[in-house]
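Chemist: what shape does this take:
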Amino acid sequence: MVTSIIRRLIQALFVIVAMTIIVFIGVNVIGNPVDILINPDANQAERALVIAHYGLDQPLWKQYLLFLQGLLHGDFGNSFVYGRPALGLILERLPATLELAITALVIALLFGLPLGLYAGLYPNRISSKLIMSGSILGFSLPTFWVGLMLIMVFSVELGWLPTNGRGPTRELLGAQWSFLTGDGIRHLLLPAFNLALFKTSLILRLTRAGVQEVLPQDYVKFARAKGLRERRIISVHVLKNLMIPVVTIIGLEFGSLIAFSVVTESIFAWPGMGKLIIDSINLLDRPVIVAYLMMMVLLFVVLNFIIDICYTLLDPRVRLEGKA
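Modeler: Sure, this is the predicted structure:
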């Protein structure tokens, strides 16, 4: 198992190095930030000073080496727009996005797993068919439209929940969190539910498919033949074996919740990383864009590594294959 972990760490390192090249080159070909940062009426000397100040006059390979040097020290450079360290700007917005993503994932698990398990165990019931039909809606409805409808119903018509913002926060572990206050939770519910809708449908359908695949297996039939209670069969034999694909989806979808919550954050004016990256793209703020993308690369690499470790804990065959 140790050898397998070391091998995966080396693979992850190669992935990160490759992604630094792709991200750096990709960001540098989307446009010239000088056209936005400098007044159009500025003369050539003023333009040259600004270009030299930001290091944009250096060859691309030298800019990349400087970028790698800063990356090793956790320095992505200063934002062109805010004049502050790009990584600091990202980390300021990270708690808001992280809070939203975790809440959405919890909602998806609380609804998706039991509903998918029920639909898989009793596929012929009318309630199960209604659940599966509802999951199709969760896949089909656009996120922005669902968000607008949630605001119209629960905020405008009923007046139960606020329309936007994060609400009051409290400090915990050096960061501000809205789930620690009652009004903050009210601000969190709508965007979290909007973000969780697609993930709930995905987990629900995956769980149902896993149950349908596991139930006909011989070890389940043998457990029933031994007279084990149905609850134990489901909790030990069924759930444990269907959790491997579910764990994969949960890990990857958690990363996507953080990386791609831009639409939800924009609709509900949630002050997370999504809104910051949209503004940075519009203003060609390269340091912030690069810092955000590299954080997302690191996030997905770490999540995949954790998923691999979970495989070895859930399925002994993975450990045996690693030894072989």
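
Chemist: and residue 5, how far is that from residue 305?
Modeler: The spacing between residue 5 and residue 305, counted by C-beta to C-beta, to the nearest Å, is 8 Å. Where C-beta positions appear, they are placed from N, C-alpha and C, glycine not excepted.

Chemist: wait, I meant residue 240
Modeler: Counting by C-beta to C-beta, the gap from residue 240 to residue 305 is 22 Å.

Chemist: residue 252: what's it in contact with?
Modeler: Applying C-beta atoms under 8 Å, 6 or more residues apart in numbering to residue 252 gives the contacts 300, 303, 304, 307.

Chemist: and for residue 250?
Modeler: Counting by C-beta under 8 Å, 6+ apart, the residues that residue 250 touches are 105, 109, 203.

Chemist: closest one of those residues to residue 229?
Modeler: Taking C-beta to C-beta as the measure, residue 109 is the one of these closest to residue 229, at 24.6 Å.

Chemist: ok, and what's touching stretch 10-22?
Modeler: 64, 67, 68, 71, 294, 297, 298, 301, 304, 305.

Chemist: look up the pLDDT of the third one for me, please.
Modeler: Just to be clear, that refers to residue 68. Looking at residue 68, its pLDDT reads 80.

Chemist: in what element of secondary structure is it found?
Modeler: Residue 68 belongs to helix 60-72 when assigned by DSSP states H and E.

Chemist: for that helix, packing partners?
Modeler: With contacts taken as 3 or more C-beta pairs under 8 Å, 6 or more residues apart in numbering; DSSP states H and E, helix 60-72 sits against helix 2-28.

Chemist: just to revisit the earlier point, now render the contacts of residue 250 as CSV, adding neighbour count.
Modeler: Shown next, in CSV, are the contacts of residue 250 (neighbours: other C-beta atoms under 10 Å):
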residue, neighbour count
105, 22
109, 17
203, 25
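
Chemist: in helices only, show me those.
Modeler: Residues of those located in helices (DSSP state H): 105, 109, 203.

Chemist: and the strands in the protein, which stretches?
Modeler: Using DSSP state E, the strands found in the chain span residues 170-172, 175-177.

Chemist: contacts for the last one next, please.
Modeler: Defining contact as C-beta under 8 Å, 6+ apart, one finds that strand 175-177 is touched by 94, 95, 99, 169, 170, 171, 184.

Chemist: next: stretch 216-236.
Modeler: With C-beta under 8 Å, 6+ apart as the test, stretch 216-236 has contacts from 117, 121, 214, 237, 238, 241.

Chemist: recalculate using a threshold of 10 Å.
Modeler: The contact list for stretch 216-236 (C-beta atoms under 10 Å, 6 or more residues apart in numbering) reads 117, 120, 121, 211, 214, 215, 237, 238, 239, 240, 241.

Chemist: what distance do you get for the last one to residue 234?
Modeler: Noted for residue 241: a distance of 11 Å to residue 234, by C-beta to C-beta.
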